[in-house]
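A.B. asks: Okay, sequence plus prediction incoming.
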Amino acid sequence: MSKVVSQESSPRVADSVAEVRAAVHTARQSGLKIGFVPTMGALHVGHVSLIEQARAECGYVIVSIFVNPTQFGPNEDFNRYPRPREMDLRICGDAGADLVFYPSVETMYPAGHRTFVEVGGLSDILEGAIRPGHFRGVATVVTKLFNIVQADRAYFGQKDYQQQTLIRVMTRELDLPTEVITCETIRDPDGLALSSRNAYLSPAERQSGLSLSRALRLADQRVASGDRDVAQIQSAMRQEMEQTSGLKLDYAVIVHHESLTPLSEAEPTMVALVAARVGTTRLIDNMILRLPSNTKS
Ligand code: AMP
């Protein structure tokens, strides 16, 4: 039965820039708002939540599925990254996408491609320090996709907090005409943030991975109860993660929620960012922390 439903809701698939532009032109002529959800595929409920929000707010919804080689380091998982094409198309259709842009690497980066976008500062800290060149790849592909789709709104997950921060800054500074919308992180009931990379985890590694959300909840509880000692809370987060077997901490920090720079004292709104390796899999997660409004400095 689900097969029939899926076939009925199959979205149109475009593999060329010209096809996307033509579809967008037609949708615009009908007065529809364009919503855009960029992804690398291997779609899960987190991606579906973005597509559904786009569906609720826009008349025409485009999802892109592109495993972007320029955002992977030479020793990262570009080749083994999952690419379940048929399943992804079905998920897009069921979530309400009108068009899926599924370009090849050659379409996005024809031989000789040499233009890249760099967002100063934000590209080199935290994830950028551990994954050199990653955000240059992200900024470049998102700029290209934004120019191809020319959406009214584009939807990103809070799950990749530094990425959405960087894209907001880049969109503003390059005067790109697309509004960036950030959607909440979807988690499994045990707290693990959904990620395409969770598929790599063995059951034991998955257990170790729960330490990230535990560290974030710990920070959240302390800040919510009025604790303003950022350094102490950070070290409690680190301790939680460092004592977890099978997990290698990359960072656990509390930083300014926009600039992502370290804080010398607590602010009303902050963000806790954590990253670790479990086996060969990298996991990241984050949580916005809010001091209770009655806390005195
Ligand atoms: P990716 O396919 O990993 O590049 O992710 C595509 C988009 O989905 C990005 O904007 C991610 O932040 C978002 N995303 C990934 N995981 C989640 C999640 N668990 N909840 C909400 N959004 C997510």
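C.D. replies: Right, received. Where do you want to start? Residues are numbered from 1 along each chain as shown.
A.B. asks: For the host helix or strand of S235, buried residues please.
C.D. replies: Element membership for S235, per DSSP states H and E: helix 230-242. By neighbour count on 16 or more other Cβ atoms under 10 Å, the buried set for helix 230-242 is V230, I233, Q234, A236, M237, R238, E240, M241. Using the backbone N, CA and C atoms, a C-beta is placed for each residue, glycine as well.
A.B. asks: before we move on, what about stretch 125-137?
C.D. replies: Residues of stretch 125-137 classed as buried by neighbour count (16+ other Cβ under 10 Å): I125, L126, E127, G128, R131, G133, H134, F135, R136, G137.
A.B. asks: and those residues as CSV, adding secondary structure?
C.D. replies: As requested, these are arranged in CSV below (DSSP: H, G, I helix; E, B strand; the rest coil):
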residue, secondary structure
I125, coil
L126, coil
E127, helix
G128, helix
R131, coil
G133, coil
H134, helix
F135, helix
R136, helix
G137, helix
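A.B. asks: Closest to R85 out of those residues?
C.D. replies: Using Cβ to Cβ, G137 is the member of those that lies nearest R85, at 21.8 Å.
A.B. asks: Contact residues of the stretch 151-297 of the chain facing the ligand?
C.D. replies: Applying Cβ under 6 Å from any ligand atom, we find that the stretch 151-297 of the chain lies next to the ligand at F156, G157, K159, D160, C183, T185, I186, A193, L194, S195, S196.
A.B. asks: For those residues, work out which two are farthest apart.
C.D. replies: Using Cβ to Cβ, those reach their maximum pairwise distance at C183 and S196, which is 16.2 Å.
A.B. asks: which two in the buried residues of helix 230-242 are spaced the farthest apart?
C.D. replies: With Cβ to Cβ as the measure, no two of the buried residues of helix 230-242 lie farther apart than V230 and M241, at 16.7 Å.
A.B. asks: can you pull the contacts of the residue nearest to F72 when sequence neighbours are not counted?
C.D. replies: With Cβ to Cβ, 6 or more residues apart in numbering as the criterion, F72 has its nearest non-adjacent residue at 3.9 Å, and that residue is F78. Counting by Cβ atoms under 8 Å, 6 or more residues apart in numbering, F78 makes contact with V67, P69, F72.
A.B. asks: possible to save those residues as a markdown table with distance to the ligand?
C.D. replies: Formatted as a markdown table, those follow (distance: Cβ to the nearest ligand atom, whole Å):
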| residue | distance to the ligand |
| --- | --- |
| V67 | 9 |
| P69 | 13 |
| F72 | 11 |
